[in-house]
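Enquirer: Pasting a predicted model and its sequence here:
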Amino acid sequence: MKFGVLYHYWGKDWACDYIHTAHKVKEAGFDIMEIGANHLHDMSRSELENLKDVSRELNLVLTTNIGPTREYDLSSGDPEVRKAGVRYITETMKNMDFVGSRDIAGAMYSFWPSDFVDTDKSAAWEHSIPEMQKIARVAEDLGIECSLEVLNRFETYILTDCKEGLEYIRRVGSGNVKLLLDTFHMNIEEDNLPNALRLAGDKLGHFHVGEGNRKLPGMGSMPWDEMGRALRDIRYSKSVVIEPFMRCGGEIAKPIHIWRDLTEGADEATMDRNLRKSLAFLKDKFN
């Protein structure tokens with residue numbers, strides 16, 4: 001397994017100085033920095049060059065996290081919106097290819113977070129699966145793996161447990177389309193977290209980790225030992241990415257619903273120490 005962290009850990013807003021952050025991620029001992037698909041999509045060629053150069057300099061793997069906005073909703077009843085979504089994800093994957101990022105993970109089958117104006121799941125699947133098949137063909141050509149995120153009931157109605165996710169990717173029918181499971185969402189929706197990992201088996205393409213309140217792994221009571229055994233049972237050898245949301249205020253807190261400071265007033269040095277401690281905790285439990 002390779003271990004990573006989502007780029008936003010130190011910030012309150014979605015914007016990121018990736019060069020500075022890459023050095024901090026590497027100094028903390030990680031193999032992976034997970035970057036934002038929207039940032040990657042909008043970067044200039046010189047920004048893409050700089051990101052590629054720093055990742056190579058630091059020997060840091062780049063994975064890409066995606067949560068499209070409504071204008072790119074592949075499950076939309078409007079074919080023009082779906083077409084825009086395919087174009088957006090395709091352009092993003094081409095930039096991924098340029099910087100050497102081979103994994104894109106998130107709720108790309110729809111938009112995030114759902115506003116639940118329309119909750120016709122059958123129609124959402126009918127609309128989005130053919131579009132995901134188009135994206136899968138691009139991914140196959142570029143050598144990129146797409147991992148579709150199974151979310152909880154408060155963020156989507158389309159894919160809310162592992163079993164549902166497996167059926168969806170079966171219908172897409174591409175070896176380059178797998179599942180992203182996330183312990184936060186699993187803790188709400190799955191009967192048993194380790195068993196969900198075993199059910200996913202070799203279809204698990206990406207794994208997000210955090211406590212039930214979105215703190216760093218090791219700060220709560222998730223069944224980490226049992227999940228570690230499940231990962232070893234399925235011979236999982238891909239990305240394990242910490243996705244913590246702990247800081248209130250700013251752009252991030254509102255859609256994630258962080259209403260109190262979960263860092264308990266930690267300064268940057270303390271956040272650095274906590275992150276290194278969490279990485280050591282995960283390696284102990286999973287390896």
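Expert: On my side now, so go ahead.
Enquirer: Surely E126 forms part of a strand?
Expert: No. Judged by DSSP: H, G, I helix; E, B strand; the rest coil, E126 forms no part of a strand; its state is helix.
Enquirer: From V177, how far off is it?
Expert: Separation of E126 from V177 (Cβ to Cβ, to the nearest Å): 17 Å. (C-beta placed from N, C-alpha, C; glycine too.)
Enquirer: Same drill for the two, tell me which one is more crowded.
Expert: The residue with more neighbours, out of E126 and V177, is V177; 25 against 12, by other Cβ atoms under 10 Å.
Enquirer: quick one: contacts for the more buried one?
Expert: Contacts here follow Cβ atoms under 8 Å, 6 or more residues apart in numbering; on that basis V177 touches 132, 136, 139, 145-148, 169.
Enquirer: Which phi and psi values does it adopt?
Expert: phi -120, psi 120 (degrees, to the nearest 10).
Enquirer: Report the separation between it and H127.
Expert: With the distance defined as Cβ to Cβ, V177 ends up 16 Å from H127.
Enquirer: again, but for H8
Expert: Counting by Cβ to Cβ - H8 and H127 are separated by 30 Å.
Enquirer: and if you look at L60?
Expert: Between L60 and H127 the computed distance is 37 Å (Cβ to Cβ).
Enquirer: check contacts around L6.
Expert: Residues near L6 by Cβ under 8 Å, 6+ apart: 34, 65, 241-244.
Enquirer: if I look at it, how far off is E34?
Expert: Taking Cβ to Cβ as the measure, L6 falls 5 Å from E34.
Enquirer: what do the two both touch?
Expert: With contacts taken as Cβ under 8 Å, 6+ apart, L6 and E34 have 65, 241, 243 as neighbours in common.
Enquirer: Check the gap between the last one and E91 for me.
Expert: Spelled out, it's E243. 24 Å.
Enquirer: Between the two, point out the one with more neighbours.
Expert: The neighbour count for E243 versus E91, taken as other Cβ under 10 Å, is higher for E243 (21 against 15).
Enquirer: Surely that one and G210 touch.
Expert: Yes. Contact criterion Cβ atoms under 8 Å: E243 and G210 qualify, at 5.4 Å.
Enquirer: Which neighbours do these two have in common?
Expert: Residues touching both E243 and G210 (Cβ under 8 Å, 6+ apart): 182, 184.
Enquirer: on that earlier part again, when L60 and H127 are compared, which one has more neighbours?
Expert: Using other Cβ under 10 Å as the criterion, L60 and H127 rank with H127 on top: 21 against 17.
Enquirer: ok, the more buried one - contacts?
Expert: H127 neighbours (Cβ under 8 Å, 6+ apart): 74-77, 82.
Enquirer: Looking at these, which is nearest D202?
Expert: L74 (24.6 Å; Cβ to Cβ).
Enquirer: ok, and the helix or strand in the protein with the lowest average confidence?
Expert: In the chain, the helix or strand scored least confidently by mean pLDDT, DSSP states H and E is helix 250-256, which has a mean of 95.
Enquirer: hmm, who's touching that helix?
Expert: For helix 250-256, contacts defined as Cβ under 8 Å, 6+ apart pick out 8, 11-14, 113, 214, 245, 247, 258-259.
Enquirer: isn't H8 right up against D17?
Expert: No. H8 lies out of contact with D17 (Cβ under 8 Å); the separation is 11.7 Å.
Enquirer: Now the helix or strand hosting S278: buried residues?
Expert: For S278, the host element (DSSP states H and E) is helix 268-286. For helix 268-286, burial by neighbour count (16 or more other Cβ atoms under 10 Å) applies to 271-272, 274-275, 278-279, 282, 285-286.
Enquirer: pLDDT added to the residues you listed, as TSV?
Expert: Below are the buried residues of helix 268-286 laid out as TSV (pLDDT from 0 to 100):
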residue	pLDDT
M271	98
D272	98
N274	98
L275	98
S278	98
L279	98
L282	98
K285	98
F286	98
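Enquirer: As TSV, the residues you listed with distance to I104 would be great.
Expert: What follows is these, written out as TSV (distance: Cβ to Cβ, whole Å):
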residue	distance to I104
M271	27
D272	28
N274	28
L275	24
S278	24
L279	23
L282	22
K285	26
F286	23
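Enquirer: any idea which of those residues is the one closest to G265?
Expert: So of those, ranked by how close each gets to G265 (Cβ to Cβ), first place is M271, at 10.6 Å.
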